[in-house]
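Novice: Using only what follows, build the 3D model:
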Amino acid sequence: MRVLLVEYEPGIAQFITQGLREAGYVIDVTQDGQEGWDYASTFSAFATLKNLNE
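Specialist: Numbering: from 1, shown residues only. Prediction:
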């Protein structure tokens with residue numbers, strides 16, 4: 001399954017990405033909300049994870 005992760009902090013993104021990949025997910029990462037919105041408008045994902053503190 002494909003998951004889109006929107007996270008501006010590289011260390012947090014790497015930590016989450018590693019865990020989800022180990023669980024068998026395919027992860028796409030963007031670093032900000034606009035980039036995530038553009039990506040989600042173009043590609044489909046099973047789930048989108050976004051940092052709500054932006």
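Novice: if I've got this straight, residue 27 is in a strand?
Specialist: Yes - looking at residue 27 with DSSP: H, G, I helix; E, B strand; the rest coil, it is inside a strand.
Novice: doesn't residue 1 make contact with it?
Specialist: No - look at residue 27 against residue 1 with C-beta atoms under 8 Å: they stay out of range, at 9.9 Å. (Each C-beta comes from the backbone N, C-alpha and C, glycine too.)
Novice: out of the two, which sits in the more crowded spot?
Specialist: Using other C-beta atoms under 10 Å as the criterion, residue 27 and residue 1 rank with residue 27 on top: 19 against 11.
Novice: show me what contacts the more buried one?
Specialist: For residue 27, the contacting residues are 2, 3, 4, 5, 16, 17, 20, 21, by C-beta atoms under 8 Å, 6 or more residues apart in numbering.
Novice: where does this protein have its least confident helix or strand?
Specialist: In the chain, no helix or strand scores lower on mean pLDDT, DSSP states H and E than strand 47-50, which sits at a mean of 69.
Novice: Which parts of this structure are helices?
Specialist: Taking DSSP state H as the test, the helices found in the chain are 10-22, 33-42.
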